[in-house]
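**Q** what's the 3D shape of this:
(one chain, ligands or ions: 1)
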Amino acid sequence: MPDKTSVYILKVGESPPNWYHRIGLQPLYRSDEERDKPIFYHFWCIKGAKEVVVIDTGIPPDQTNNVENYESPVSLLAQIGVDAKKVEKVIITHLHSNHFSGFYLFDNADFYIQENEFRSQAKHNAEKKFLREKALLPPQLQEDLKDLSCVQRIHYVNGDEKITNDINVHLVGGHTPGLQAVSVESASGTVVMCSDIAYLYRNIVEETPVGSFWNLQQACEGLQKVKQIARSERLLLPSHDPLIWDGRYPLLTPRIAKIA
Ligand SMILES: [Zn+2]
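**A** Numbers count the residues shown, from 1 in each chain. All right, here's what the predicted structure looks like:
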C-alpha cells in the first residue's frame, strides 16, 4: 500500500513581509534574523490507495486579511483530483487560525484533533484576555470553534494514535498544549508533517523552537521527537518555510509539490 501513497504540500498564500510587526511572532526563538521575511501558509494532502486524508484545512476565502498571493484550499485540492466536499478525514494539527479555520470547506469530513488541544483552546484560552486577543484566537475564530464543536464530527485523539494503516498522529505540544505532528509511510520512507513545532527547516536542523510557544521545554522535546520519527531530514516538513519551494521537491504547479 505505501507505494501507492502520495504526499502533497499545497501553498495557500504568503504573509506580508511586515507580519512580525503586525502579529509579533518570531519564526526562531529570540532571533531577529528571520522575522521580517514572509512566511508561507501551507496544508497537506495524503492520497492513499483507498482514501484521502487532508492535514489542516488551509485558510478559507473569507479570512484572507493578512494573506497575499492567495488561492483557496478547494481550488488547490481540485488540481490533484480531490473534491474537498468528499474528503472524509481531516487531521487538525492545532487550533491556530491558519490551520483549522477552513473546516467548513469539508462538508463530509470527520476532524481528528487532540482532546487536550480542543479543550484548552476552547475553554482556557477564551477566558484569558491575552490568549483570547493575541494568541491567534480572535472573536470570529472563537465563534468558529463553537461551530466546530457543534458539527459533532470531531474525533478526539489522546496522545499518539493510528488514524489509518499508514498514517499516525503524534502528540507534541510545545507550540500549543495539544499540537500533533502527523506521519505517513510512503515508498520514499516515513514523511512527517511537523506543523508549527517547526515553522522553518532551521527550527529542525538547529533544534531551535519557534518564538511562539506554550511550553518551551515541550517545544524543544517536540523537535527531538519528530526527528526520531523520520529517518531522513528531507522527509521532515516544517509548516511555513518558503524553502520548500526551492526545487528540493518536484512541483506539480508553482504551489503544489509532491513530497513522496
Ligand atoms: Zn501555530
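
**Q** Give me every residue in the stretch 1-150 of the chain that's in contact range of the ion.
**A** His96 (C-beta under 5 Å from the ion). Yep, even glycine has a C-beta here, placed from its N, CA and C like the rest.

**Q** rerun that using 8 Å as the cut-off
**A** 94, 96, 98-99, 136 (C-beta under 8 Å from the ion).

**Q** Would you format these as CSV with secondary structure included?
**A** Listed next are those as CSV, based on DSSP: H, G, I helix; E, B strand; the rest coil:
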residue, secondary structure
His94, coil
His96, coil
Asn98, helix
His99, helix
Leu136, coil
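
**Q** Switch those residues over to JSON lines; also include distance to Arg248 and pLDDT.
**A** Below are those laid out as JSON lines (distance: C-beta to C-beta, whole Å; pLDDT from 0 to 100):
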{"residue": "His94", "distance to Arg248": "25", "pLDDT": "94"}
{"residue": "His96", "distance to Arg248": "25", "pLDDT": "87"}
{"residue": "Asn98", "distance to Arg248": "23", "pLDDT": "91"}
{"residue": "His99", "distance to Arg248": "23", "pLDDT": "93"}
{"residue": "Leu136", "distance to Arg248": "28", "pLDDT": "50"}
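
**Q** most neighbours, which of those?
**A** Within these, most neighbours by other C-beta atoms under 10 Å means His94, with 28 neighbours.

**Q** if we can go back for a sec, and which of the residues of the stretch 1-150 of the chain next to the ion is nearest the ion?
**A** Closest approach to the ion among these (C-beta to the ion): His96, at 3.4 Å.
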